[in-house]
Structure formats: C-alpha cells, structure tokens
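> Quick one: sequence and predicted model below, then my questions.
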Amino acid sequence: MLPGSYSQAYEKFVKKLLLLRSTIDTRNLDLVASQKNFKIVQKIFQTSITHLSDEGLDPATSSRWRSLQTEIYRAFKLLEVEMMFVLSSKQSTTQQQRLKSIDDRLSQLIGYCELIRKS
C-alpha cells in the first residue's frame, strides 16, 4: 500500500490534468489558458511526482509503482512535445490532430495515476 502523501500527490496531479483537459477542447480551444494550465501541471509533475521514490515500499508494491511511474514519466514527456506542437501549429487540421493526441495522453496519465492510487 502506498503512503497517504503519495496518494495526495497523484490526486493533485490528476485534478490539474483534468483542468488542463477542460481547456483543451477542440470546439472551444483557449490556447492562453491551456498554456497556463500546462505550466501548472508541469510544475506539479516536477515538484511532486518525479521526487517520489520507492523507498520504504514493500517489494511487490515497489515493483508495480516503479513500472507505473516510468509510464507516467514517458507519457508526460510525450505530452510536453504534443503541447509544443499544438502551440506552434498553424493549420487547423494539424491542431485538431495534436489536440486529439493531447487528449489521449491526458487519458493515459489519468489512468496510470488512478492505478497507482488503487495500489
């Protein structure tokens, strides 16, 4: 079982991911708000999520946590790239494709965090 502080960190991260998702709506895109919310998510990721360690976790929990933490890190780095692309895209079709990719990444990240919180 994960310590409460871990669950709180992931819960906070998920809330900000959901807020980011709400600003990345293909029908009503607000690039300024999206960029601002992404910076908030990025800061939480860097200060709360990446600093967690498996010290003190039992071996079974530690192994599962490390696997999911690696996937979260990978998905977040891909989200960063997608955000750069959507902010620099000029064509609407390209932007729509990137927004779909961002939504998929957000879903992945939220799913990974929920799996960790249930561990």
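The structure has been received and is ready for your questions.

> State the distance from residue 17 to residue 54.
Separation of residue 17 from residue 54 (CB to CB, to the nearest Å) stands at 22 Å. Every C-beta, even on glycine, is put in place using the N, C-alpha and C of the backbone.

> In terms of neighbours, single out the busier of these two.
residue 17 (23 against 16; other CB atoms under 10 Å).

> Next up, the contacts around the more buried one.
41, 106, 109-110, 113 (CB atoms under 8 Å, 6 or more residues apart in numbering).

> same deal with residue 94?
Applying CB under 8 Å, 6+ apart, the residues near residue 94 are residue 85.

> pLDDT score for it?
Residue 94 is assigned 89 on the pLDDT scale.

> got it, and residue 28?
pLDDT, residue 28: 69.

> Look up the closest residue to residue 40, ignoring the ones flanking it.
In space, residue 40 comes closest to residue 16 once its chain neighbours are excluded; the distance is 5.7 Å by CB to CB, 6 or more residues apart in numbering.

> can you count the residues close to that neighbour?
As a burial measure, residue 16 scores 19 neighbours (other CB under 10 Å).

> tell me which element it falls in.
Per DSSP states H and E: residue 16 is located in helix 4-23.

> Thanks a lot, see you next time.
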